[in-house]
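In: kindly generate the corresponding structure for this input.
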Amino acid sequence: MLLCCYKECDESEDDMQQLLTLLDERVIPALDAVSIALSIMTADEMPKEVFVEDAIEWAVKLVKWHLFAIVYPHCSLFKGLPY
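Out: Numbers count the residues shown, from 1 in each chain. Purely as a prediction, here's the structure:
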């Protein structure tokens, strides 16, 4: 994950600890659950009853939130760095 560069921001240690607590307690287990649900839904020869629209919709919303709230802000820290 790209949290290794989070300390380089102008955020305080308390803000960083709150973010890490949020990630550990809620976001990572939720992403694991989404991964498991999508793996089950995409397994070979699964009946159509397994494809629950609400589960797919919430999975997309969670991944979208994770990208915009966690990943993309940290990727912007790498702009301007030589490759």
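
In: and the most centrally placed residue in the chain, which of the three is it?
Out: Centroid-nearest residue in the chain: His66, 3.7 Å away (criterion: C-alpha atoms, centre = their mean). The assignment at His66 comes out as helix when based on DSSP: H, G, I helix; E, B strand; the rest coil.

In: now for it: which residues touch it?
Out: By C-beta atoms under 8 Å, 6 or more residues apart in numbering, the residues touching His66 are 27, 31. To be clear about C-beta, it is placed using only N, CA and C from the backbone, and glycine gets the same treatment.

In: 10 Å instead?
Out: 23, 27-28, 30-31, 34, 72 (C-beta atoms under 10 Å, 6 or more residues apart in numbering).

In: do the same with Val60
Out: Applying C-beta under 10 Å, 6+ apart, the residues near Val60 are 34, 38.

In: report pLDDT for it.
Out: Listed pLDDT for Val60 reads 92.

In: can you give me the distance of it to Asp44?
Out: Distance, Val60 to Asp44, using C-beta to C-beta, to the nearest Å: 23 Å.

In: returning to that earlier point: and the residue nearest to the centre of the chain, how far is that from Thr21?
Out: According to C-beta to C-beta, His66 stands 16 Å off from Thr21.

In: what is the neighbour count of Val34?
Out: Residues lying near Val34 (other C-beta atoms under 10 Å) number 19.

In: may I have the secondary structure class of it?
Out: Criterion first, three-state DSSP; result for Val34: helix.

In: swap in the one 10 residues further on?
Out: Remark: Asp44 carries the secondary structure label coil [criterion: three-state DSSP].
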